[in-house]
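Undergrad: Give the three-dimensional model of this entry:
(one chain, ligands or ions: 1)
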Amino acid sequence: MVVCSFIESCCLTDTGCLPYGYRMVATHPSASGSDWWRGDVIYQVYPRSFMDSDGDGVGDLPGITARLSYLAELGVDAIWLSPFYVSPQNDGGYDVVDYRAIDPLFGTLHDADELISTAHDLGLRVIVDLVPNHTSAEHPWFKAALAAPPGSPERNRYLFREGRGKHGAEPPNNWKSIFGSTAWTRVVEADGQPGQWYLHLFDRTQPDLNWDNPEVRDEFDSVLRFWLQRGVDGFRVDVAHGLVKAPGLPDHDEKIVMADGSPKPAPMFDQDGVHEIYRRWRKVLDEFDPPGLHQTKALVAEAWVWPPSRLAKYLRPDEMQQAFNFEFLTSKWNAANYRKVIDSSLTANEAVGAPTTWVLSNHDVVRHASRFGLKDPGSRPNGIYATDEQPDEVLGLRRARAGTLFMLALPGSAYLYQGEELGLPEHTSLPDEVRQAPEFFRTHGEEAGRDGCRVPLPWAADSPGFGFSPTGKTWLPQPTDWRNYAVDAEAADPASTLNFYRSALALRRKLNLGFGGLTWVDGYPDATLAFRNTKGVLVLANLGKKPIPLPPDAKVLINSDPLPNSGKLPADTTVWLQ
Ligand code: GLC
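TA: Now for the predicted structure:
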């Protein structure tokens, strides 16, 4: 293979630069614009489980601040913090009582200010989580709604309805909660009699807000301004596709799942009216941007919407900047599938001038080092019990490293979830007594739930609780073999996943791959994902079982696992070449 010194121009114009016999078939040009959110790497911090500073076994804001230098050294550009607001923690903080205050479990507003300014000093941007679909049932608004009569302005902030059937004893419609069981709970009125019902797409302690009510809209404008004034760089918008429901709340006979996948949106998701909200929020964010074309403040949608062209609507120039690419996260371990997903997401977003994001793990899914070790690596169990099929840890990690390496070479913004840089697997043997995720309770244990991906991080191999907390306490028990995954152990091992992530992130930054374009390279066996990032890297990922020949004379920049001397790329391995 010819190695070009100016890869970007010569490889795009001169096919002679490509490995023999390969041709380029499609090009996704570099995204226009240089705003950070178009190509930065964003690291998700789950505050309960990142680092505990006060010894109560629950992570907190001072703990995060103390370890921000670790993240700067890792080489990420920004952090996204899962919710830290006042909350009874019935859904890990996604049940908010006060959007403008920090839960004492995590610290104080002063701690949040410290965190934001320390992050900025280290060159890290900060995105916070915004939970607008529902509040906690302990939110003052909901308490007022319960105390007020049907038809009152207090009830009109939520979705209260009369029941159906005799004496209204049946729920207003047949919707089910995403966490299992019904999506409606009946309240007891002031006269002591059963009365209206309220909607909760999630737990009964998470009542859905009524986004047709201007008061709700005004309140969230104000919450956005509150955090923007404190210096945050953006918001991750929880359940962004769920705020507006179809008029009349019609019945929906299918099970409600976040990843709907049906071309016709379910009546609780992806209604056209939701876009008006994001246009309005965009204007609020613009108040905090410098005049001109630059958008320094960003919104990222958690919207499980399909197909990609519908998701791209959230990214029109006057709406949000990013949306999580859950089609990528849920793709099967198969080159053709990845290629299809990558192509369709880039194409859909190019049509609206938006970048694409890439993500393999977060706090809601089985960690990818474990998912990829299952017999069906594309399956998406909601948690894994000790009695379920156990992931192959070695194979899972090998694929996870390979998957991460091709993800980090894709143009667009990449999201990492805390602990994946250590190769952490899912905890698959948590005792039921310690589980906290609401779906475990609402499904009566049918689903193990999401606790297994939320286990406190191991920082020090030889300390109690692996150094997560000064007392050794951890709010969820860690597997005993996490010693090998501890940050200090991995930092000392050149072949560790941590050092692999550090190298890959440094190279990605040096080559500016997030801001590149993509060209598919054909001619390799079907099981190969082969593309060129126009910033100067040829990426080959072998997702099949047989080794594939590497182009002779190619310079290896980084590989996800050792390469044998045979000149072949082993199964489940990715390599960046120049
Ligand atoms: C989002 C969050 C998830 C939470 C749910 C309800 O999907 O990522 O953790 O349980 O919304 O707020």
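Undergrad: Now do the contacts for the residue in the stretch 401-550 of the chain that the ligand sits nearest to.
TA: In the stretch 401-550 of the chain, the residue that lies nearest the ligand is residue 450 (7.0 Å; C-beta to the nearest ligand atom). For every residue, glycine as well, the C-beta is placed using N, CA and C. Shown in contact with residue 450 (C-beta atoms under 8 Å, 6 or more residues apart in numbering): 363, 364, 365, 382, 383, 437, 439.
Undergrad: Count the neighbours of the residue in the stretch 1-150 of the chain positioned nearest to the ligand for me.
TA: The ligand sits closest to residue 94 of the stretch 1-150 of the chain, with a gap of 3.3 Å, by C-beta to the nearest ligand atom. Using other C-beta atoms under 10 Å, residue 94 has 24 neighbouring residues.
Undergrad: mind checking the SS state of the residue nearest in space to the middle of the chain?
TA: When the chain is reduced to its mean C-alpha position, the closest residue under C-alpha atoms, centre = their mean turns out to be residue 362, at 4.6 Å. In three-state terms, and counting by DSSP: H, G, I helix; E, B strand; the rest coil, residue 362 is coil.
Undergrad: Dihedrals phi and psi, the closest residue to it other than its chain neighbours?
TA: Among residues not flanking residue 362 along the chain, residue 417 sits closest, at 5.0 Å (C-beta to C-beta, 6 or more residues apart in numbering). Here is the backbone geometry of residue 417 (degrees, to the nearest 10): phi -110, psi 130.
Undergrad: For residue 417, grab the count of nearby residues.
TA: 23.
Undergrad: And residue 529, which helix or strand is it part of?
TA: Following DSSP states H and E, one finds residue 529 within strand 528-533.
Undergrad: so what secondary structure elements neighbour that strand?
TA: Secondary-structure packing of strand 528-533 (3 or more C-beta pairs under 8 Å, 6 or more residues apart in numbering; DSSP states H and E): helix 335-350, strand 518-521, strand 537-542.
Undergrad: partner strands of it, parallel or antiparallel?
TA: According to DSSP bridges, strand 528-533 forms sheet pairs with strand 518-521 (antiparallel), strand 537-542 (antiparallel).
Undergrad: Now the closest residue to residue 424 other than its chain neighbours: phi and psi?
TA: Excluding the flanking residues, the one nearest residue 424 by C-beta to C-beta, 6+ apart is residue 485, at 5.6 Å. Note on residue 485: its backbone torsions stand at phi -100, psi 0 [degrees, to the nearest 10].
Undergrad: Next up, the contacts around the residue nearest to residue 362.
TA: 43, 44, 46, 359, 360, 361, 362, 363, 367, 453.
Undergrad: Now tabulate the residues you listed in a markdown table and tack on pLDDT.
TA: Shown next, in a markdown table, are the contacts of residue 417 (pLDDT from 0 to 100):
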| residue | pLDDT |
| --- | --- |
| 43 | 99 |
| 44 | 99 |
| 46 | 98 |
| 359 | 98 |
| 360 | 98 |
| 361 | 98 |
| 362 | 98 |
| 363 | 98 |
| 367 | 98 |
| 453 | 98 |
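Undergrad: which residues in the stretch 1-150 of the chain form strands?
TA: Per DSSP state E, counting those that start in this stretch, the stretch 1-150 of the chain carries strands over the ranges 24-28, 41-45, 78-81, 85-86, 98-102, 125-130.
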